[in-house]
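**Student:** kindly generate the corresponding structure for this input.
(2 chains)
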Amino acid sequence: MSLEVLDPVLTLPFVRLRLAEDLGSGSLRAAEVRVDVIDVHDDPIDDERRLEPLPREGAGLRVTSGTLVRVGRMTDQNLRPVQVEDDVGHRSSAIVKALQLAQAEHLGDPVGRPSRVLVREHRNHALFCHYSPPIAHFATNDALAWRRERGHHAAVSEPVVEVKALRKTFRVTEREEGLAATLRSFVRRRRRDVNAVAGITFRIEPGEVVGFLGPNGAGKTTTLKMLSGLLHPTAGEARVLGYTPWRRENAYLRSMTLLMGNRTQLVWDIPAADSFRVLQEIYRIPEEQFRRTVGELTELLELAELVRKPVRNLSLGERMKVEFAAGLIHSPSVAFLDEPTIGLDISMQARIRRFVAEYNRRTGATILLTSHYMDDVVALCKRVIVIHRGLLLYDGPLADLAERMAPYKIITATLHDGTASTADLDAYGTVVSREEGRVVLRVDRQVAPERTARLVNDLGDRLADISVEDPPIEEVIDRVFTSEQAMVSA
Amino acid sequence: MIRIYRALLVAQIQAASQYRVQSILWMLFAVIRPVIFLAAWVAVANAQGGQIGAYDVRDFAAYYVALSLVLNLATSWNAYEFEFEVRMGRLSPKLLRPLHPIHYAVVENIVWKLTTIVPLTIVLVFVSITFDARFRTTPAHLILFVPSVLLAAVLSFLTGWVLATMAFWTTRVHALSTFWDRAGFIFAGQIAPLALLPGPLQTISLALPFGYVLGVPAEILRGGVNVNTALLLMAGQVIWVVVFYIALQRVWRVGIKQYSAVGA
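**Tutor:** Modelled structure (predicted):
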């Protein structure tokens, strides 16, 4: 059996450990290391969604006291837990152990096709959680040695995007209203520095689709422009695929793309098919590869009719699809998508979303995406980076964002007799709204199960339906920004 | 690079073909100005007995016909376009590709020249006949004219780009390039042939790059200078091309760091 380790998560336990050490803490909750063997043809993203949360058996343990390792096929329900006693410094051996188990148990593909292994840390149902991880390179010598022994030549993967204390300050001229101020500005201009990006640090592993969130003016687009080499930063470092973006080396430009939802990069007056030919020459795409890529993109985006019409005759949605094809024609391994669905109708948004997911699945491209449509983010990104006023607020699983930023659940109860408007439900939580037979309650996350049970019990037959949900992600995001504002003003 | 140019040329010709009428109108508009100067000089020369300096009426006609041709072949509008691209963020898609943005402009210029050269020649033949232009052109002049007009085109293109690159700092290059164009009005040989400019102005026009873009190739085509003088003037063209080539590299390198990618 051949095993290929999918690295995205492999390094993260070390990130956490290092973080804990840096903080002088040895009491970080031990996490489970779970090894999932997936068939090469499986879709890790879909499997991820199918994955049931694991019981938190390791919760509360000191890091030093042990790590729980589970090994199994992604679809296996009965994972065999193995307790591995290890010291803090040797968490890597837990992973190695897990990988060895995977091999010993013959969990690879029975037909002998190469299998992929996902190693990850489980905390509740979250894949991993880290907050502004330090950028140091975490040498996982044991794991490396293990892999080298078995002929896995690739080192523990380098991050695709590595951003360190990146800053961009724009100098803007300010002028007050009125004639006098205008005349004064002829003589002396008042300039002010605006910190569009005020020092952010993050890294993105190969194949990740990361949502980059923030209100207007948060610095998202500025960051994307720096990462795609359009802007020179004021300070800080960034490496994408090992290149410094703003040096704009041709080799780098050939392996990345920046797509902006509200911008066109096609020649307006000619059919897209002709623009594709120009791009073929500029990117030096061999004929065979060009035909194959164009064929694939045409199929995925249903472009056949569109590429023959002059771009200016296309509708906004049609043009966006063609823009996507043009932006991806050179098969970039990193894609920065800035509001890719802006202004599109619902079905076109959904189609673009499906396309992005499919593209990521087929090519393993790393994608950093900004969007104001939370549906985009929920559909595509497991991990989000939230920035506000140029500073990083949150970096972690989308699933944890709600838990961290909105520590409550929403219980919606529907009553048979339409008495919701009169029923006294304040005892169960904060009533957010009442209408007809429906009442919406906000309940502290910790007590939500108990309150729900009480509600069901107390209301008895009057209850027609009840649901317990996380607050809508828009609400969570809004909370993040308003609480940050409150912090700033305080 | 040849393949890239071929692909760009095909695309640009396709795009330009959609605006044939517009191109021809622009071309005619570009010819009107020299013809007005020509008419004015003809009137002045006739009032002074048919001769001003070394130019009689028919020499003026030949000079302005040559000038119109050079204007079309050698000048470019980069600064205006580039400023627009920088201001509107249109430069960004070009910067994202592994090809220097200057190449798109080169191709646009070539296509513009290709699409207008035939109708322009017809118009100029007509003007020559109407004003009874007298060319003193020898085969040597014709041979020298080709590299001379090429050098002029390169020089004009480079000066245009150096000016345009200022857009990285101000995003308001329009004023600067208009000023440059107006200066070219006097010093490049548009308002009058360089030989008729008052002494100090003539010195300025040959000390600065202006004269080398229009006046020099026009005089060579008309046969208004002897071969030795023509070679000397072409050496001046080469010097300015080198100066602006180096300047463009420097300015671009510094300027690109200033690019604020506004809008996009």
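**Student:** next up, the contacts around the residue in the stretch 351-490 of chain A that chain B sits nearest to.
**Tutor:** For the stretch 351-490 of chain A, the residue closest to chain B is residue A:370, as judged by Cβ to the nearest Cβ, at 13.4 Å. C-beta here means a position set from N, CA and C on the backbone, and glycine is covered the same way. Going by Cβ atoms under 8 Å, 6 or more residues apart in numbering or on different chains, residue A:370 touches A:211, A:212, A:213, A:214, A:220, A:221, A:224, A:337, A:338, A:339.
**Student:** quick check: the first one is in a helix.
**Tutor:** No - the secondary structure assignment for residue A:211 gives strand rather than a helix, going by DSSP: H, G, I helix; E, B strand; the rest coil.
**Student:** surely it is in contact with residue A:375?
**Tutor:** No - with contact defined as Cβ atoms under 8 Å, residue A:211 does not count as touching residue A:375 (11.2 Å).
**Student:** what about residue A:352, distance to residue A:283?
**Tutor:** From residue A:352 across to residue A:283, the span is 22 Å (Cβ to Cβ, to the nearest Å).
**Student:** over to residue B:33?
**Tutor:** As judged by Cβ to Cβ, residue B:33 and residue A:283 stand 42 Å apart.
**Student:** between the two, point out the one with more neighbours.
**Tutor:** Under the neighbour definition other Cβ atoms under 10 Å in any protein chain shown, residue B:33 and residue A:283 were set side by side, and residue A:283 has more, 20 against 16.
**Student:** show me the shaky parts of the chain.
**Tutor:** With no chain named, the answer covers chain A. Chain A contains residues with pLDDT under 70 at A:1-157, A:175-176, A:185-186, A:418-423, A:483-490.
**Student:** try chain B instead
**Tutor:** In the predicted model of chain B, residues B:171-172, B:261-264 satisfy pLDDT under 70.
**Student:** what about the helices in it?
**Tutor:** Assigned helices in chain B, in chain order: B:2-17, B:20-47, B:57-74, B:78-88, B:91-95, B:102-131, B:139-165, B:167-170, B:174-187, B:199-207, B:210-213, B:215-222, B:227-258 (criterion: DSSP state H).
**Student:** just checking, what packs against the fourth one?
**Tutor:** Taking 3 or more Cβ pairs under 8 Å, 6 or more residues apart in numbering or on different chains; DSSP states H and E as the contact definition, the neighbouring helices and strands of helix B:78-88 are helix B:91-95, helix B:102-131, helix B:139-165, helix B:167-170, helix B:174-187.
**Student:** could you do the fifth one as well?
**Tutor:** Based on contacts counted as 3+ Cβ pairs under 8 Å, 6+ apart, the elements that helix B:91-95 packs against are helix B:78-88.
**Student:** list the buried residues of the helix it packs on.
**Tutor:** B:78, B:79, B:80, B:81, B:82, B:83, B:84, B:85, B:86, B:87 (16 or more other Cβ atoms under 10 Å in any protein chain shown).
**Student:** kindly reformat the residues you listed as JSON lines containing distance to residue A:239.
**Tutor:** JSON lines is the format used below for the buried residues of helix B:78-88 (distance: Cβ to Cβ, whole Å):
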{"residue": "B:78", "distance to residue A:239": "34"}
{"residue": "B:79", "distance to residue A:239": "36"}
{"residue": "B:80", "distance to residue A:239": "38"}
{"residue": "B:81", "distance to residue A:239": "34"}
{"residue": "B:82", "distance to residue A:239": "31"}
{"residue": "B:83", "distance to residue A:239": "33"}
{"residue": "B:84", "distance to residue A:239": "34"}
{"residue": "B:85", "distance to residue A:239": "29"}
{"residue": "B:86", "distance to residue A:239": "27"}
{"residue": "B:87", "distance to residue A:239": "31"}
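**Student:** just the helices of chain B: most buried one?
**Tutor:** Comparing these by mean neighbour count (mean count of other Cβ atoms under 10 Å in any protein chain shown), helix B:215-222 comes out on top with a mean of 29.
**Student:** redo the helices of chain B as JSON lines? Include distance to residue B:193.
**Tutor:** What follows is those, written out as JSON lines (distance: least, Cβ to Cβ, whole Å):
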{"stretch": "helix B:2-17", "distance to residue B:193": "33"}
{"stretch": "helix B:20-47", "distance to residue B:193": "9"}
{"stretch": "helix B:57-74", "distance to residue B:193": "5"}
{"stretch": "helix B:78-88", "distance to residue B:193": "26"}
{"stretch": "helix B:91-95", "distance to residue B:193": "38"}
{"stretch": "helix B:102-131", "distance to residue B:193": "15"}
{"stretch": "helix B:139-165", "distance to residue B:193": "16"}
{"stretch": "helix B:167-170", "distance to residue B:193": "33"}
{"stretch": "helix B:174-187", "distance to residue B:193": "12"}
{"stretch": "helix B:199-207", "distance to residue B:193": "10"}
{"stretch": "helix B:210-213", "distance to residue B:193": "10"}
{"stretch": "helix B:215-222", "distance to residue B:193": "7"}
{"stretch": "helix B:227-258", "distance to residue B:193": "13"}
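**Student:** who wins for proximity to residue A:415 among these?
**Tutor:** With Cβ to Cβ as the criterion, residue A:415 lies closest to helix B:91-95 of the helices of chain B, at 56.0 Å.
**Student:** can you tell me what sits against that closest one?
**Tutor:** A:225, A:229-230, A:248, A:258, A:260, A:263-265, B:82, B:85, B:101, B:104, B:256, B:259, B:261, B:264.
**Student:** contact partners for the residue of chain A found nearest chain B?
**Tutor:** The minimum distance from chain A to chain B, using Cβ to the nearest Cβ, falls at residue A:265 (3.4 Å). If a contact means Cβ under 8 Å, 6+ apart, then residue A:265 has A:323, A:326, A:327, B:93, B:96 as its contacts.
**Student:** which secondary structure elements does the helix or strand that contains the second one contact?
**Tutor:** By that I understand residue A:326. Assigned by DSSP states H and E, residue A:326 belongs to helix A:316-328. Judged by 3+ Cβ pairs under 8 Å, 6+ apart, the packing partners of helix A:316-328 are strand A:256-260, helix A:272-282, helix A:287-301, helix A:346-363.
**Student:** what's the last one packed up against?
**Tutor:** To tie it back to what came earlier, the one meant is helix A:346-363. Judged by 3+ Cβ pairs under 8 Å, 6+ apart, the packing partners of helix A:346-363 are helix A:44-50, strand A:209-213, helix A:287-301, helix A:316-328, strand A:366-370, helix A:374-380.
**Student:** just to revisit the earlier point, out of the helices of chain B, flag the one nearest residue A:362.
**Tutor:** helix B:91-95 (24.7 Å).
**Student:** next one: that closest one to chain centre, how far?
**Tutor:** 26 Å (Cα atoms, centre = their mean, to the nearest Å).
**Student:** check stretch B:247-264 too.
**Tutor:** 24 Å.
**Student:** ok, residues contacting that stretch?
**Tutor:** Residues contacting stretch B:247-264 (Cβ under 8 Å, 6+ apart): A:170, A:225, A:230-232, A:246, A:248, A:260, A:262-263, B:86-93, B:95, B:158, B:161-162, B:165-166, B:168-169, B:171.
**Student:** still on that earlier bit, and the residue of the stretch 351-490 of chain A closest to chain B, bridged to which residues?
**Tutor:** Under DSSP bridges, the beta-bridge partners of residue A:370 are residue A:212, residue A:338.
**Student:** in the stretch 101-250 of chain B, which residue sits nearest chain A?
**Tutor:** In the stretch 101-250 of chain B, the residue that lies nearest chain A is residue B:103 (9.1 Å; Cβ to the nearest Cβ).
**Student:** show me the contacts for that residue.
**Tutor:** Residue B:103 makes contacts with B:4, B:5, B:8, as judged by Cβ under 8 Å, 6+ apart.
**Student:** excluding chain neighbours, what is closest to the last one?
**Tutor:** Same thing as residue B:8. Distance criterion Cβ to Cβ, 6 or more residues apart in numbering or on different chains; nearest residue to residue B:8, sequence neighbours excluded, is residue B:107 at 4.4 Å.
**Student:** does that neighbour touch residue B:4 like I think?
**Tutor:** No - taking contacts as Cβ under 8 Å, residue B:107 lies outside contact range of residue B:4: 9.2 Å.
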